[in-house]
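*Asks:* Just to be clear, the model below is a prediction. Sequence and coordinates:
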Amino acid sequence: MIIASPLLIAAVALGALGAILIIAGIAALLRLRPLGFVLRVLAGLTLMSLGALAGAIAIGMQGYRAFTREDIAARIRVQPIAPQRFSATFRFPDGREATYELAGDEIYVDAHILKWHPRASLVGLHTGYELDRVTGRYHGIKDERAAPRTVHSLATARPVDLFALRRRYAFLAPLLDAQYGSATFVPVTQPAEYELRVSTTGLLIRQSKGAAS
């Protein structure tokens, strides 16, 4: 479900105003006023384009969670099941739960971080994050090169991927102040529960409060 935001409201308003201007332009053409037709249609198309851009950004931000200091992105329960094999169960803040079987000595999680220009906060855009993938990591380089590799996506499907668009198009640079990734990992030697946290400096994994050291 798409949550209403100032940017989404602006997109709807711009689109509606653009449509009204285009209809007015068509009416001007029917009254044999070609200049009025051209001006109204051009203005309408411009407003609708701006509305479409605002709407795409609003939709693209739906999968990202805003953060200010340090948030829990997921709770993770790891369980060794064989040498260099373990399971990891993720419990997300929205209630979703997923279990992955991984190969390696450590659990490795990374995320996308979107940092907007400060002026973007005026329309409700704030620095946000989205978990991207989880994989197993080996202690040794030799194992990293030759041993089985496992990787699973943690991202949710979306119609607009802002992170990919920012990497592809330089014209978004004035809007997106920075875009980068962050990752963290911990060894898996015994059953344990962790909190995957995200802060303004990136991802980190901490043992859950009350869990055995």
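*Replies:* That came through fine. Residues are numbered from 1 along each chain as shown.

*Asks:* Show me this structure divided up by domain.
*Replies:* Structural domains assigned to the chain are 6-62, 66-207, following automatic domain parsing.

*Asks:* which of the ones you listed has the lowest average pLDDT?
*Replies:* When the domains of the chain are ranked by mean pLDDT, domain 6-62 comes last with a mean of 76.

*Asks:* Arrange the domains of the chain in CSV, one row each, with mean neighbour count as further columns.
*Replies:* Where C-beta positions appear, they are placed from N, C-alpha and C, glycine not excepted. Below are these laid out as CSV (neighbours: other Cβ atoms under 10 Å):
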stretch, mean neighbour count
domain 6-62, 16
domain 66-207, 16
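
*Asks:* So which elements touch the longest helix seen in the chain?
*Replies:* Ranked by number of residues, the top helix in the chain under DSSP state H is helix 34-60. Counting contacts by 3 or more Cβ pairs under 8 Å, 6 or more residues apart in numbering; DSSP states H and E, helix 34-60 is packed against helix 6-30, helix 162-168.

*Asks:* Nearest to residue 188, out of those helices?
*Replies:* For residue 188, the closest of the helices and strands packed on helix 34-60 is helix 162-168, at 28.0 Å, according to Cβ to Cβ.

*Asks:* Contacts for the helix or strand containing residue 88, please.
*Replies:* According to DSSP states H and E, residue 88 maps onto strand 85-91. Applying Cβ atoms under 8 Å, 6 or more residues apart in numbering, the external contacts of strand 85-91 come out as 74-81, 96-104, 107, 134, 136, 154, 188, 196.

*Asks:* Kindly present the helices and strands packed on helix 34-60 as JSON lines, with separate columns for distance to residue 39.
*Replies:* Shown next, in JSON lines, are the helices and strands packed on helix 34-60 (distance: least, Cβ to Cβ, whole Å):
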{"stretch": "helix 6-30", "distance to residue 39": "8"}
{"stretch": "helix 162-168", "distance to residue 39": "31"}
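
*Asks:* Quick check: which of the ones you listed is nearest to residue 128?
*Replies:* Once the helices and strands packed on helix 34-60 are compared by Cβ to Cβ, helix 162-168 is nearest, at 9.1 Å.
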